[in-house]
Every structure is written in C-alpha cells, then in structure tokens.
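S.K.: sequence plus the predicted model coming up.
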Amino acid sequence: MAVDGIAQLPAELLFLWHAHRVEVLLSAGVLFAIVRLVVHWRSRKAKVALTPPLASPVDEKSVAVLPSATDAKAQLAETDHYEPSVTAKKPTRPKAGPKRVTGGKKAKSSPVRETVPEQIQPLVFYYSLGGSTRAYAERFAEELSRQSEDSKILSPETYDLTELDYDDFFISIPKPKDDSKRTAYFYLLLIPSYDIDTELSNFLTHLQETHHDFRIDTAPLQQLAGYSVFGFGDKQDWPTEQQGFCSQAIEVDKWMSKLTARKRAFPIGLADVKRNADASLSEWRTGLKSIMEDLAEGKGLGEGVSGSGEAVESGDEDEAEDEEESDDSFTRVQKKSAKKSSTDDVEDIGGKAPIPVDFTTTSKTAVQSSGPKAMVPKASPTYGSLTKQGYSIVGTHSGVKICRWTKSALRGRGSCYKFSFYGIASHRCMEATPSLSCSNKCVFCWRHGTNPVGTTWRWQVDPPGMIFEGIKAEHYKKIKMLRGVPGVRSERFAEGMRIRHCALSLVGEPIFYPHINELLGMLHKEHISSFLVCNAQHPDQLAALGPVTQLYVSIDASDKETLRKIDRPLHRDFWERFMRCMDILREKRDTHRTVFRLTLVKGFNIDEEAEGYAKLVEQAQPSFVEVKGVTYCGTSTAAGAGLTMQNVPFYEEVSAFVLALEAALKRRGLDYGIGAEHAHSCCILLADRSRYYLPSGENGEMRWHTLIDYPKFFELVESGKPFGPHDYIGDATPEWAAWGNGGFDPRDQRVDRKGRPKAVE
Ligand SMILES: Cc1cc2nc3c(=O)[nH]c(=O)nc-3n(C[C@H](O)[C@H](O)[C@H](O)COP(=O)(O)O)c2cc1C
Ligand code: SF4
C-alpha cells in the first residue's frame, strides 16, 4: 500500500499545481517584491548614515550625550566640534593635548563677585635664557619676602616659566594651598626680551590664544588680586621701545591686562640691564608692596580717575588718546565739540576761568540764612557738575583735577608746553585753585554753567593749611588711581607721587582767595613751584602778592571793547582794573617773573591787533609773552557770542601773529624774540632778549634761557632777602624746543590712533 501511495505523489502534486498555480505564482511575486523593497530601503538608510556632510570633513568620533548644559560645555571644551549624537556614551577624560581647557565661556555681563582677601600670595614668574633674569627674580623674591614679614603678604612663590604647565596658572588660577583664609593671588612677571624664537614666544602665544579662545572666558584670570610686569632689556642694541626695547615684557603686560580684565595693579617697569636694573627693580618692588598692602586691607585697585580719561585698554586707549591729542588745535576742537566734552584742562584756553552761573542762584538756603556760606555747597548742582567733570572739591571753595598732560607724561607721550618752555614735567605737576569763583565770563571758557561767579569774596573762607593738605591728598589719590592705566611707566609713576609744581590756574580766580600768599608760602616750603594765573581784574590783590615762581596775567584783548566782548567781565570798571594791573606788573618787573598770556581768537583779537598788544607789553614789560591759539568749546554761550570753529587759528596763523608782534615790539624799541615753541599745543613763547638771551656753556654761545632754576628759587625764598627773576634763571632752553624745531621732547614718544609711533614734525 505504501509503495502505491509514493508512486502516486507526482501525479497528485501535478494535480495540485494545475489546480492552484495562479495563487502560488501571485503569492511568490508579492513575497519577492516585499523582500526587495525591504532590502532596498535598508541599504539606502545605511548609505545616508555613512555620507559625511558636504564640506565638513570631521573625524568620525562618537560623542556622548551629556546630562546637563554645563556638561555639554565641558564636552565642548574637550572636542573641537560638538554635535549632539544618538550614541549614548559615558563622558571620557580629555586626552593629553597641546592645550587643556577647563570651564566654559562666561557671559560678558556676568559680574565677578569681588571678595576682600585676608592675605595676598605673590607668585613670581620669570623666564631666563642667559640666567640674569633668574638671578634678579630670586633676589627679588627674597627681598619681598623679607619686607613682608609679619604682614598679610605671604612669602612669594617663584616659578620658572619653562618648567610650568601654563594651563595651571594662565588659563585658570590655582587653588590656594591654605583654604582656611581668603587668599588672593598676585602675579609678578619678570620678563627679558628676545627678538629670536625662544620659549617666551610660546608663552606669549599661549596668553594670546587663551584670550582669543572662544571656548573660555576672555578674562579667565580676573579673580587675581592684581598683576604687574617687569621687563629687562638692552638699550644699547634696542634703544627705544619702538626699536624693540623690552618688547616682550610689554606684550606680556598687554595680554595679562586682557586676561585679568584690567587688573594691572602697578605700571609696567622697564629696566636696561646695562644701566639701572637694580634700582628700577627695587623701586618697582617698593611700589608693589604698598599696593599689595592696600589690597589686603580691602582698598582695591581703583578704577581710573573720572574726568581724566578712561582707563581703557591698549588699542581702544589710543583712539581715546588721539581724540585728545590730535595735532592741531583745530582738529582737536572739531572732535571735542562733537563729543561735547566738558572735562578739558583750562590750560587749553589760556587759563581763563569764567562762569555764567551765579553761585547765589544755586542754593536758596544759602541766601536766606545769615553769615557767609560755602561757595560750593555739597548739595549744590555746581558741586555735582564739577565733581562729574573730574574735579575734587576741597573744603568749600577749592578744587584740584588731574590734567590730561599729566596722564600723557606718565605714559611717556609728552608733557605740556611748560616742559618745553620752563622745564615743568607734567607728571609732577598739580593743577589746582583755591577759588572756584571768578569775575569774568569769557566766551571761550569750557566751564560754562559749572562754577560760581562774583565780584567780591562773600563766602566762607577755608584756612590755607586745610586747602594745601586737601589738594595734595586729592592729587595723590588721583595719581594712584592711574597706576593701572595702560602704558603708565613705573619710574614716572614713582616721580608722579612727589609733586614738584603747582599750576594755580585750574578754574576760577586764585588771587581772589584772601590767604593766597600763605598758600603760596606752603607750596614753596615743600619745594613745590608755583605758577599763578590771574585775570587782571583784581589790582589790589595783585599788588599785595608775595613771591610766586611765575606770575601770569591773561591778556585777551588790547582794547576796551574787545575785552568786553571776549572776557565779558562782571566789574563795571573792568578796563580801569585791567590798566591798573598792567602798571602793577610793570612795578613787579624786578621782583617777579611775569608773563602775558595771550589767547588768540580769530576774528576777535588777532587782526590788526599786534600794535595794540605791543602797546600793552610796553606798558607792563613782562619777562615773557606766551601766545596760544584758542580751543573752541562749542557751547551755546560761545555760539551766542558769535564764536564758531572758524575762530580757531591754525598754528601758521599763530606763528604769523607772533612774528607781527615781534616786529611791532621792535618798532617800539622793545627787544623780544621767539624763545621756544610747542607746536603740539599751538603755543609760542616770546621772551625779553635783554634778560633771557644769554651766554651759555663754556664757549659762551648766546642761547635762550627760558628754563627755571627751581632749587635756586626755593633757596632765595628761604633766604628771606629780596630777590628778582634774574636770580633764578635756569639752563639754556633745549635745542628741540627752539623756534623751528617743534618743541616735542625727542625722549618721549608720540603715537597715532593705533598706538603706532608718529613722526614728530
Ligand atoms: C639674542 C638676543 C636677543 C635679544 N633681543 C632683545 C630685544 O629684542 N629687546 C631687548 O630689549 N633686549 C634684547 N636682548 C637683551 C636681553 O633681553 C637681556 O640681555 C636680558 O637681560 C637677558 O635676560 P636673561 O639673561 O635672563 O635671558 C636680547 C639678547 C640676546 C642675547
Ligand atoms: S602746567 Fe601742569 S596743569 Fe598745566 S597743563 Fe601742564 S601739566 Fe597740566
């Protein structure tokens, strides 16, 4: 039976095929199609996944999905290219690479909370190829450590930059070893310079890259208490900074300023290893120690002086500087009027300081109550306005302000014309006034609406001792605040901390102050020279004036009508007062070094006026005539008086006027000649040839002698005997200040908008 069944199977299968072949063929076809479709779809997906994005040749690297945004940033720091991936993986430690980065980029606006440190830990970093900087650094650390005994300044730790992992100190700040006290680090970097490739070049690249690295904060070292750089260089082969002197130290200082968000605690020190390195380094160390002590006492670093220019960074700073130091007064005026700056130095306008707001209108209570009141009460708008402009008000009627030339000189960018003419270094000069009030309202005054006016002293009188101590303290405070300003030189900063000159000309009328002679006596006692500027409206006070190193009278016109138009005096008898002052000046010819200060306003007091001025010179016979082009302030008062930028003379016009005046004086038999010039501030000096053109040096060559012998002046004052201006004439005027040479000290550096050296014309 079984054999029969098997024999029938093919026939049955054949029967089944014939009965269902259509269904079978259809099912097979559908199944085949499904399989093909699945295979096709799967192969396409695999292809897409393997194709890298166009133009993005990245490493195939699996990246972990991180649990939080912070972790994601940490991951960002570890990979060059962060993209979220579906492949979950445990985060891995960063591989050892050229640069390890920790921490994410913080928002610029996030303020860093400053805590007052309990102690300061100085870290001394140095680089040395030849070994000399190493020796300096070790000695420096030893001395600092000795100086810091029993103080809140810890013994310094010293590090050789070549043995450091930069990342440990220059991407983030290390954790203090002793956490029990709030310890703040203070970085001190002693850097030589090499114009060849050394490890120092790598260090600089590291600092630069860290600042520019988009993954980290641009200022990751801002938690430092402060930093300062000291450079060693060789002036013999690299004589100036432009020629490479200490170039790498200057670079380090620049990047450190950026990385610390301007925590430069003390100006960069630069020393010539062949000349003054030890002395400069020890001066730098002394300055630093005092700053660290201030920091440990919670006094902070200071933020720059308001009104004296922002403590802006290199790059930006030059632009700001250029705004102020443009070449000719005309450009300066244009820029200033566009900025509507009200913070300029009154020196720019010839020392006149008039004022349209009467003090009595600013405080009702002062008028109502009995007894003399404060000239500038703290609550008055006048006080607010002056302090906003950068003045420090001392007592009730005195003021002091840092002059822009002081800042310029601290940075080695030139002093004002008084350096070229009389040897006054601007960084050692204090600009102050014992009377913020004035009796004129000159059209070109920058202070419109900011200081009180009056014809008589009707206010409370502060004692001279209080004024003297107050102005000095405020001046020093402001100088100290400039120590972090980019480019400030440590040796000039140290010199700036000893006032040598005082210009009593800031704003207001200094001679108005009833105790002016006592105040002058105090200045001289401390060997501070005095330059006093008055407006020729107070003859009695002028007549009673005691010794002054140099006495100025502002001469803004040569006839009554022009004087009324320009100075807009409050006194009705202003011309009589003016004339009396001319006679008093003549009487003082042999006791005081007197100066006429002429401020030229084109269209007002230049044209055809040389003769008129010559007449006044003949009457008063001053030692010198300083001629300066006006700087236009762009106020509505000035505009109301018909003053526009067209009234600002060019230097050539000022020069032409001076030559005309010289000729007019000659015609009157007066022998005045051009003793010096300072083209940069549009100022030329005429001097009495009979008194100041003298034989000089061993060969007795005739030279101008406009400089002042300051030590001799103090000696004469202290002798108590009568003396005259001829007794303290100084050395010959420097050649670079002579007529035709421009008057810019070649040892200083003029810079352009970008901080590049600028040729001195
Ligand atoms: C090859 C070489 C290049 C130098 N380049 C500069 C330079 O560009 N600017 C500079 O002020 N001094 C330069 N110097 C002087 C050194 O900065 C100076 O001698 C310094 O004290 C060296 O310090 P060190 O002995 O610690 O390496 C250079 C010295 C050498 C030997
Ligand atoms: S004399 Fe002194 S106050 Fe006057 S501009 Fe020069 S530095 Fe400034």
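M.R.: Received, thanks. Residues are numbered from 1 along each chain as shown. Ligands and ions are numbered 1, 2, ... in the order given.
S.K.: may I have the lengthiest strand in the chain as CSV, with CA atoms only?
M.R.: Identified as the longest strand of the chain according to DSSP state E is strand 183-192. Taking Å, rounded to 0.1, in the frame of the first residue of the first chain, the C-alpha atoms of strand 183-192 are listed here in CSV:
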residue,chain,number,x,y,z
THR,A,183,43.9,84.1,49.9
ALA,A,184,44.2,86.1,46.7
TYR,A,185,47.0,85.5,44.2
PHE,A,186,49.1,88.4,42.9
TYR,A,187,51.1,87.6,39.8
LEU,A,188,54.5,89.2,39.3
LEU,A,189,56.2,88.5,35.9
LEU,A,190,59.8,89.2,35.3
ILE,A,191,60.4,89.1,31.6
PRO,A,192,63.5,89.7,29.5
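S.K.: what number of residues lie near residue 560?
M.R.: 13 (other CB atoms under 10 Å). (C-beta placed from N, C-alpha, C; glycine too.)
S.K.: for the one 5 residues further on, same thing?
M.R.: Counted with other CB under 10 Å, residues neighbouring residue 565 total 17.
S.K.: related to what we said a few turns ago, and the longest strand of the chain, what does it pack onto?
M.R.: strand 119-126, helix 132-147, strand 226-233, helix 247-259, helix 277-296 (3 or more CB pairs under 8 Å, 6 or more residues apart in numbering; DSSP states H and E).
S.K.: counting contacts, what elements does the third one pack onto?
M.R.: Secondary-structure packing of strand 226-233 (3+ CB pairs under 8 Å, 6+ apart): helix 132-147, strand 183-192, helix 247-259, strand 269-272, helix 277-296.
S.K.: dump the ones you listed into JSON lines; add mean neighbour count, distance to ligand 1 and mean pLDDT as well.
M.R.: Shown next, in JSON lines, are the helices and strands packed on strand 226-233 (neighbours: other CB atoms under 10 Å; distance: least, CB to the nearest ligand atom, whole Å; pLDDT from 0 to 100):
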{"stretch": "helix 132-147", "mean neighbour count": "17", "distance to ligand 1": "3", "mean pLDDT": "93"}
{"stretch": "strand 183-192", "mean neighbour count": "24", "distance to ligand 1": "3", "mean pLDDT": "95"}
{"stretch": "helix 247-259", "mean neighbour count": "22", "distance to ligand 1": "6", "mean pLDDT": "94"}
{"stretch": "strand 269-272", "mean neighbour count": "24", "distance to ligand 1": "8", "mean pLDDT": "92"}
{"stretch": "helix 277-296", "mean neighbour count": "19", "distance to ligand 1": "8", "mean pLDDT": "88"}
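S.K.: including distance to residue 422, could these go into a markdown table?
M.R.: Shown next, in a markdown table, are the helices and strands packed on strand 226-233 (distance: least, CB to CB, whole Å):
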| stretch | distance to residue 422 |
| --- | --- |
| helix 132-147 | 38 |
| strand 183-192 | 38 |
| helix 247-259 | 32 |
| strand 269-272 | 28 |
| helix 277-296 | 27 |
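S.K.: looking at the stretch 151-300 of the chain, which residue is nearest ligand 1?
M.R.: Minimum separation of the stretch 151-300 of the chain from ligand 1 (CB to the nearest ligand atom) falls at residue 233, amounting to 2.3 Å.
S.K.: how near is that residue to residue 203?
M.R.: The gap separating residue 233 from residue 203 is 16 Å, by CB to CB, to the nearest Å.
S.K.: next one: residue 290
M.R.: 28 Å.
S.K.: buried stuff in the host helix or strand of residue 717?
M.R.: Assigned by DSSP states H and E, residue 717 belongs to helix 710-719. Neighbour counts over helix 710-719 (16 or more other CB atoms under 10 Å) mark 710, 713-714, 716-717 as buried.
S.K.: out of the helices and strands packed on strand 183-192, nearest to residue 679?
M.R.: helix 247-259 (28.3 Å; CB to CB).
S.K.: before we move on, back to that, show me the contact partners of the helix holding residue 717.
M.R.: Residues outside helix 710-719 that contact it (CB atoms under 8 Å, 6 or more residues apart in numbering): 423, 500, 524, 527, 529, 547, 549, 723, 727-728, 730.
S.K.: measure residue 597 to residue 551 for me?
M.R.: For residue 597 relative to residue 551 (CB to CB), the value is 11 Å.
S.K.: and residue 583, what does it touch?
M.R.: 619-620.
S.K.: mind doing that once more with 10 Å?
M.R.: 539, 543, 619-620 (CB atoms under 10 Å, 6 or more residues apart in numbering).
S.K.: pull out the buried residues from those residues.
M.R.: 539, 620.
S.K.: please identify which of the contacts of residue 583 is nearest to ligand 1.
M.R.: Closest to ligand 1, out of all of these and judged by CB to the nearest ligand atom, is residue 620, at 52.1 Å.
S.K.: residues near the closest residue to that closest one other than its chain neighbours, how many?
M.R.: Once flanking residues are discounted, residue 620 sits nearest to residue 585: 4.0 Å by CB to CB, 6 or more residues apart in numbering. Using other CB under 10 Å, residue 585 has 24 other residues around it.
S.K.: wait, is residue 585 part of a strand?
M.R.: No: using DSSP: H, G, I helix; E, B strand; the rest coil, the assignment for residue 585 is helix, not a strand.
S.K.: give the contact list for it.
M.R.: Counted by CB under 10 Å, 6+ apart, residue 585 has contacts 536, 539, 542-543, 551, 553, 592, 594-596, 616, 619-622.
S.K.: rerun at 8 Å
M.R.: Applying CB under 8 Å, 6+ apart, we find residue 585 in contact with 542, 551, 553, 594, 620-622.
S.K.: could you dump those into a markdown table with distance to residue 511 and pLDDT added?
M.R.: A markdown table is the format used below for the contacts of residue 585 (distance: CB to CB, whole Å; pLDDT from 0 to 100):
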| residue | distance to residue 511 | pLDDT |
| --- | --- | --- |
| 542 | 6 | 95 |
| 551 | 10 | 97 |
| 553 | 10 | 94 |
| 594 | 14 | 98 |
| 620 | 16 | 97 |
| 621 | 20 | 97 |
| 622 | 16 | 98 |
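S.K.: which of those residues sits closest to residue 407?
M.R.: residue 551 (27.1 Å).
S.K.: so how far is ligand 1 from the closest one?
M.R.: 45 Å (CB to the nearest ligand atom, to the nearest Å).
S.K.: any idea how many residues pack against residue 411?
M.R.: 22.
S.K.: leaving out chain neighbours, which residue sits closest to it?
M.R.: Using CB to CB, 6+ apart and skipping the chain neighbours, the partner closest in space to residue 411 is residue 487 (3.9 Å).
S.K.: look up phi and psi at the one you found.
M.R.: When read as degrees, to the nearest 10, the backbone of residue 487 gives phi 90, psi -10.
S.K.: for residue 562, which non-adjacent residue is spatially closest?
M.R.: Using CB to CB, 6+ apart, the closest residue to residue 562 is residue 605 (5.5 Å).
S.K.: quick one on the thing from earlier: farthest-apart pair in the contacts of residue 585, please.
M.R.: Using CB to CB, the contacts of residue 585 span at most 15.1 Å, a distance reached by 542 and 621.
S.K.: more neighbours, those two?
M.R.: Neighbour totals were compared for residue 542 and residue 621, and residue 542 leads with 22 against 19 (other CB under 10 Å).
S.K.: give me the residues contacting the helix or strand where the more buried one lies.
M.R.: Residue 542 belongs to helix 539-543 when elements are defined using DSSP H and E. By CB under 8 Å, 6+ apart, the surrounding residues in contact with helix 539-543 are 511-512, 516, 534, 536, 553, 577, 580-581, 584-585, 587.
S.K.: if we use 10 Å, what do you get?
M.R.: So helix 539-543 is in contact with 457, 509-514, 516-517, 532, 534, 536, 551, 553, 576-585, 587-588, 592, going by CB under 10 Å, 6+ apart.
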